[in-house]
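Novice: next input, structure requested:
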Amino acid sequence: GNLALAGGAVTVSQGGNSDYSGTISGTGTSLTKAGAGTLTLTGNNTHSGGTTVSGGTLAISADGNLGAVTTADSLNALTQNGGAINTGVTQATSATGNPDAVTPATTANVLTQSGGATNTGVTQTTSATGNLGAVTPATNINSLTLDGGTLRATANMTLNADRSIKIGPSGGTFETDSDVTVSFPGTLSASGNITKTGAGTLVLSGNYIFYPPPSPQIGAKAIASSTTTINAGTLVLQTNAPNIGTSVKGFYGFTGPGTLAIEPIDAQSSYSGISQPVTLSQIAPAIQNLGGFRLGKSVDSGDIVVDTAISAANQTYIGGNVTVNLPAGNSAENARTANQFTVQANSIKIASDVTTTGAQSYTGNLQVGSDVSLTSDGGGISILGAVSGLSIQPTLLYETKSPSRLANGTIAYSPGYGLVAGDAAELFKGPIERITYRMELTRAGTTNFAEASFDAWSGATVASLRIPDDAGDRNLVQQRIVNNLSVTSNVTGSAATALVSSGVTTGSAKTGSLEIWSYNYDPKTSSLLSSAGLQSGSGGTYDFDDTPGPNINGHGSFQVHNLTDRQTIMAWNMHRAGGPAEIGFGNGLSGSPDWTNTSKYGNEINANKAQWKLQISVSGGTPSLNINAGTGAVNIAGATSNLRTLTIASDAANSSIAGAITGSTSLVKQGTGTLTLTGNNRG
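Specialist: Residues are numbered from 1 along each chain as shown. Sure, this is the predicted structure:
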């Protein structure tokens with residue numbers, strides 16, 4: 001039968017399970033579910049005092065099972081305090097006549113009414129929107145409170161946006177049955193932990209207010225220590241502003257074997273609430289130790305950068321443009337803790353290795369930004385789109401900000417850009433196709449620079465590009481002609497006049513030369529230029545054509561010249577400890593053209609009136625892509641272009657490349673499986 005009350009509270013306390021199909025009604029009447037059992041509500045309830053689950057499970061199949069929603073003073077709230085709301089349990093319970101006591105068909109369930117509705121220690125199950133009570137617009141009077149209990153959903157439903165949900169200090173559990181999706185666009189506030197169970201999906205798209213419990217060590221000050229545990233199924237957070245730092249939209253920490261999905265509310269997902277793009281490192285602290293993680297949804301246009309590791313076994317990233325640039329040797333993928341790695345986007349840029357135990361899938365055109373290896377122990381690697389290489393950007397190998405050597409004769413490199421293990425020079429593994437030298441001098445707040453870039457000479461190595469010192473590098477000499485020289489500089493006009501310089505002639509397709517060594521030199525011409533059919537230097541003046549030696553004294557030279565215009569581009573001489581260094585751009589006008597014995601700016605640096613910097617960078621042209629699928633297959637649907645090398649390694653029976661391989665791309669086939677090519681290849 002029905003239960004009609006005029007205000008007051010109804011408490012259902014039961015150790016077993018029961019099913020109540022009647023209607024609970026009454027303005028201001030509240031319902032509390034207590035006890036360890038399950039209470040299933042199937043009626044279209046209209047009580048307006050709220051619903052609380054403080055024990056067990058409350059099962060529903062519709063929003064209306066929870067009672068009316070009005071806009072006044074929290075008349076119909078669903079509160080879970082130590083119990084559970086279960087929306088898929090069926091046990092017969094009937095109530096007739098007496099509004100003060102309802103005796104179910106079985107025995108152990110007790111419904112008490114004393115001015116309101118209270119359910120403690122029991123599970124309540126509902127299967128229709130009306131089971132929780134009617135919703136009337138006013139001031140959100142009928143809220144749902146979970147404080148130690150569970151709300152179980154047995155059917156698809158959208159909870160009324162005007163019905164607030166509160167999680168008490170004892171925590172609350174949302175259970176969604178298999179193939180069931182429950183959506184809640186309203187406000188959820190929590191002072192306890194949240195748990196998601198059941199194979200179905202819970203979608204939260206409203207405002208989330210999380211109040212972590214006070215720490216006994218800090219007193220009343222709340223700390224971000226509470227968690228949301230996803231034991232099964234999927235929890236979807238819809239938000240246009242994924243939060244930064246340790247919380248996502250107010251929830252502090254997600255864990256559990258289930259799946260967390262963060263997706264925009266907007267249909268086309270631009271993540272309008274934050275600056276583009278969404279970077280994984282911004283939300284990573286809150287999403288560790290998950291079974292699965294998805295960022296984005298199928299129609300997204302928002303950009304995503306996967307720039308850090310998370311420990312979710314199965315990871316999916318969906319957006320307009322997705323960039324994968326994981327730290328070398330410090331990613332979940334590289335450590336093989338990720339199982340599946342899926343990316344769906346209009347454009348996908350891969351700038352780092354990705355290594356998984358299971359399958360990798362890339363849906364969209366794949367751009368390779370550096371030498372990359374995609375490795376799977378099994379499950380295969382598929383690219384449903386075209387593959388193209390991007391020109392590899394310069395990599396800074398060496399840098400020094402001190403023009404004078406240390407007392408022991410070595411170069412004072414900047415941290416990370418010297419000869420120490422783990423520095424950029426040691427980590428660089430790519431080819432060297434272009435070399436760039438850049439020198440800067442800052443005086444009175446103004447920075448002048450010159451930069452020279454040229455084709456790498458045959459046999460150029462990272463080690464051969466270091467700056468020769470006076471400790472162990474006396475045999476390291478770079479006196480050579482360089483080709484395809486490009487020069488940029490701001491030492492022109494008044495800047496050149498201020499530096500007593502001819503200025504630096506800029507441009508490209510020039511011929512240049514290097515004079516780099518650690519010791520003394522003589523102005524007499526070398527045979528380098530004349531043997532190449534080029535005009536030699538003066539022979540009596542220090543310029544672009546000098547002779548190194550004798551191998552003593554450690555004066556040092558680091559000069560880059562533009563032979564096409566018979567001009568020094570940059571010069572750094574006199575490297576001995578204490579200096580003063582001889583530094584200049586263009587041809588010097590007050591002494592030697594290559595600035596030998598001109599120490600004006602070295603003295604300024606020693607007096608802390610100027611700052612100086614030299615950088616050495618390399619670039620590798622087009623990248624290589626190495627795909628190693630182990631026992632899995634490799635399948636590429638689109639064309640491949642602008643790669644130095646494409647390597648396919650697979651022991652699966654059949655792998656395929658459907659698109660054409662074009663340009664200068666070389667194909668290398670490895671593994672015991674068969675690789676089938678069906679494109680019009682011109683590589």
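Novice: ok, which stretches of the protein are helices?
Specialist: 280-283, 424-427, 493-498, 528-531, 600-606 (DSSP state H).
Novice: name the helices or strands packed onto the second one?
Specialist: It refers to helix 424-427. strand 395-400 (3 or more Cβ pairs under 8 Å, 6 or more residues apart in numbering; DSSP states H and E). To be clear about C-beta, it is placed using only N, CA and C from the backbone, and glycine gets the same treatment.
Novice: try it again with 10 Å
Specialist: Helix 424-427 sits against strand 395-400, strand 610-619, with contacts defined as 3 or more Cβ pairs under 10 Å, 6 or more residues apart in numbering; DSSP states H and E.
Novice: got the ones you listed as a markdown table, with mean pLDDT and distance to residue 184 columns?
Specialist: Listed next are the helices and strands packed on helix 424-427 as a markdown table, based on pLDDT from 0 to 100; distance: least, Cβ to Cβ, whole Å:
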| stretch | mean pLDDT | distance to residue 184 |
| --- | --- | --- |
| strand 395-400 | 97 | 49 |
| strand 610-619 | 96 | 52 |
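Novice: please name the nearest non-neighbouring residue to residue 486.
Specialist: residue 508 (4.1 Å; Cβ to Cβ, 6 or more residues apart in numbering).
Novice: give me the low-pLDDT residue ranges for the stretch 151-300 of the chain?
Specialist: Across the stretch 151-300 of the chain, the ranges flagged by pLDDT under 70 are 208-226, 241-252, 266-276, 300.
Novice: just the chain next, same as before
Specialist: 70-142, 208-226, 241-252, 266-276, 300, 328-337, 683.
Novice: care to break it down by domain?
Specialist: Split into domains by automatic domain parsing, the chain comes to 1-169, 366-392+622-677, 395-619.
Novice: pull up the distance across the longest one, start to finish.
Specialist: In this case it means domain 395-619. 6 Å (Cα to Cα, to the nearest Å).
Novice: now the helices of the chain as JSON lines including distance to residue 397 and mean neighbour count?
Specialist: What follows is the helices of the chain, written out as JSON lines (distance: least, Cβ to Cβ, whole Å; neighbours: other Cβ atoms under 10 Å):
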{"stretch": "helix 280-283", "distance to residue 397": "25", "mean neighbour count": "20"}
{"stretch": "helix 424-427", "distance to residue 397": "5", "mean neighbour count": "17"}
{"stretch": "helix 493-498", "distance to residue 397": "28", "mean neighbour count": "13"}
{"stretch": "helix 528-531", "distance to residue 397": "25", "mean neighbour count": "16"}
{"stretch": "helix 600-606", "distance to residue 397": "23", "mean neighbour count": "19"}
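Novice: the residue nearest to residue 486: what's it in contact with?
Specialist: 453-454, 484-488 (Cβ atoms under 10 Å, 6 or more residues apart in numbering).
Novice: make TSV out of these and add neighbour count and distance to residue 427.
Specialist: What follows is the contacts of residue 508, written out as TSV (neighbours: other Cβ atoms under 10 Å; distance: Cβ to Cβ, whole Å):
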residue	neighbour count	distance to residue 427
453	21	22
454	23	23
484	13	27
485	23	28
486	17	26
487	23	29
488	16	27
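Novice: format those as CSV; extra columns: distance to residue 277.
Specialist: Shown next, in CSV, are the contacts of residue 508 (distance: Cβ to Cβ, whole Å):
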residue, distance to residue 277
453, 30
454, 35
484, 35
485, 37
486, 32
487, 35
488, 30
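Novice: which stretches of the stretch 451-600 of the chain form strands?
Specialist: For the stretch 451-600 of the chain, the strands defined by DSSP state E, counting those that start in this stretch cover 478-489, 507-517, 521-522, 547-548, 557-562, 567-573, 582-585.
Novice: just those strands: most buried one?
Specialist: Sort the strands of the stretch 451-600 of the chain by mean neighbour count, taking mean count of other Cβ atoms under 10 Å, and strand 582-585 sits at the top with a mean of 29.
Novice: gap between it and the chain center?
Specialist: Centre-to-centre, strand 582-585 and its host chain are 43 Å apart (Cα atoms, centre = their mean, to the nearest Å).
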